[in-house]
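Trainee: let's see this in three dimensions:
(4 chains)
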Number of protein chains: 2
Amino acid sequence: MIEDLLKKALLKNTKQRHMILSIIKSEKKPVTAEEIYIKLNKNKGNINLSTVYRTLNILSEKNILLKILKEDGTASYQINDNLHNHYITCYKCHNSILIDKCPIKDFSEKISKDTGYVITGHSLQLTGLCPKCSKHVNND
Amino acid sequence: MIEDLLKKALLKNTKQRHMILSIIKSEKKPVTAEEIYIKLNKNKGNINLSTVYRTLNILSEKNILLKILKEDGTASYQINDNLHNHYITCYKCHNSILIDKCPIKDFSEKISKDTGYVITGHSLQLTGLCPKCSKHVNND
DNA sequence: TTCGGTGCAAAATGTTTGCACACAC
DNA sequence: GTGTGTGCAAACATTTTGCACCGAA
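Mentor: Reported below is the predicted structural model:
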């Protein structure tokens, strides 16, 4: 429940936060602030973009959301459960496809043991050439 | 040799590119455009920041550099050899430490086989709590 | 000589902030 | 009622772009 998430984080349960979280929850892919903002206002939510950013920041700090950085440096967010995914993006055509299993999970434990850090999140982005583009490569 | 790198990428061997690449090569850590710019002009290089950005972009596209995104969405760059590193950053005190082995290397092959993508780069950033901070956590 | 590269200034993009008001607790 | 959260507008930081000139091949 969204209310519980907010309570757990000691945050007030406002209409805005509720709507933002429910959009993120309903998505399978990580979403950007802009995307959330657009969806909100399609549903006549009338929520300010600053509020979206502020909410995303505070929820990431509290580890309720996972901040994912895309190639271009913009951020996406998803619920920080163990079901998240990673993508590989073609640097030519910008197509991206899902990697069906998070390779970090297995590694986390080892890293945690080695470093003493409690690992709460990670961001992984692979880049490459998709099959189509790698066929007609001439290095340009 | 820097000239060879540029030749290989079919790029002209200019003074600016040479200086930028030699700064990146001399660093152990990934460096930002700004940092390169500052170092350049300390060495009275007098190179424009746009040029730095353009160079970094083109060299990343050619896979000579690896673009690394930091938590805040800004980019750093390092030479794209097999010796690069990853870091884990504490979300409280922002300390970061080195992870001594890149966990993705082993995975790349499998992913490449599964997806048909040619994997040319990746960006991995772990977040967590360092040992010191995880001791006095009370969720704020 | 040609075309790619650079410098400069200006714009675009994504994100953050200060302030006054609003609303959850 | 109090203090956290929000809307708005303005600021900010990073990165990109248009254009004229420059210089490597």
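Trainee: is the nearest residue to A:Thr32 once chain neighbours are set aside within a helix or a strand, and which one?
Mentor: Using C-beta to C-beta, 6 or more residues apart in numbering or on different chains and skipping the chain neighbours, the partner closest in space to A:Thr32 is A:Ser76 (5.1 Å). Yep, even glycine has a C-beta here, placed from its N, CA and C like the rest. Using DSSP states H and E, A:Ser76 sits in strand A:75-79.
Trainee: counting by contacts, list what that strand packs against.
Mentor: Packing partners of strand A:75-79 (3 or more C-beta pairs under 8 Å, 6 or more residues apart in numbering or on different chains; DSSP states H and E): helix A:15-26, strand A:31-32, helix A:49-61, strand A:65-69.
Trainee: what about the residue nearest to A:Met19 when sequence neighbours are not counted, how many residues nearby?
Mentor: Distances taken as C-beta to C-beta, 6+ apart place A:Gly45 nearest to A:Met19, at 5.2 Å, with adjacent residues excluded. Neighbourhood size, A:Gly45 [other C-beta atoms under 10 Å in any protein chain shown]: 17.
Trainee: next one: the one 10 residues further on
Mentor: Applying the criterion other C-beta under 10 Å, we find 24 residues in the vicinity of A:Thr55.
Trainee: now the one 4 residues further on
Mentor: Here the count is done by other C-beta under 10 Å, and A:Leu59 has 24 residues near it.
Trainee: ok, it - contacts?
Mentor: A:9, A:17, A:21, A:65, A:77 (C-beta atoms under 8 Å, 6 or more residues apart in numbering or on different chains).
Trainee: could you do A:Val31 as well?
Mentor: A:23-24, A:76-78.
Trainee: which of those residues has the weakest pLDDT?
Mentor: pLDDT is lowest at A:Gln78 among the contacts of A:Val31; the value there is 88.
Trainee: so where's chain A shaky on pLDDT?
Mentor: A:43, A:82-87, A:89-96, A:100-103, A:105, A:120-123, A:125, A:127, A:132-140 (pLDDT under 70).
Trainee: near DNA strand C, which residues of it show up?
Mentor: A:12-15, A:32-34, A:49-50, A:53-54, A:57, A:73-75 (C-beta under 7 Å from any atom of the strand).
Trainee: ranking the helices and strands packed on strand A:75-79 by burial, who's on top?
Mentor: strand A:65-69 (a mean of 23; mean count of other C-beta atoms under 10 Å in any protein chain shown).
Trainee: for it, list the C-alpha coordinates in CSV.
Mentor: Written as CSV, here are the backbone C-alpha positions of strand A:65-69 (Å, rounded to 0.1, in the frame of the first residue of the first chain):
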residue,chain,number,x,y,z
LEU,A,65,12.5,4.4,-5.3
LEU,A,66,15.5,3.4,-7.2
LYS,A,67,17.1,6.1,-9.4
ILE,A,68,18.3,4.9,-12.7
LEU,A,69,20.4,7.0,-14.9
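Trainee: distance between it and the chain's centre?
Mentor: A distance of 4 Å separates the centroid of the chain from that of strand A:65-69, by C-alpha atoms, centre = their mean, to the nearest Å.
Trainee: check whether that strand contacts DNA strand D.
Mentor: No - Strand A:65-69 is not in contact with DNA strand D by C-beta under 7 Å from any atom of the strand; minimum separation 10.6 Å.
Trainee: so what strands line up beside that strand?
Mentor: Strand pairing for strand A:65-69, using DSSP bridges, gives strand A:75-79 (antiparallel).
Trainee: and the strand it pairs with with DNA strand D, contact?
Mentor: No - judged by C-beta under 7 Å from any atom of the strand, strand A:75-79 makes no contact with DNA strand D; its nearest approach is 12.6 Å.
Trainee: next one: stretch A:11-18
Mentor: Yes - using C-beta under 7 Å from any atom of the strand, stretch A:11-18 reaches DNA strand D at A:11-12, A:14-17.
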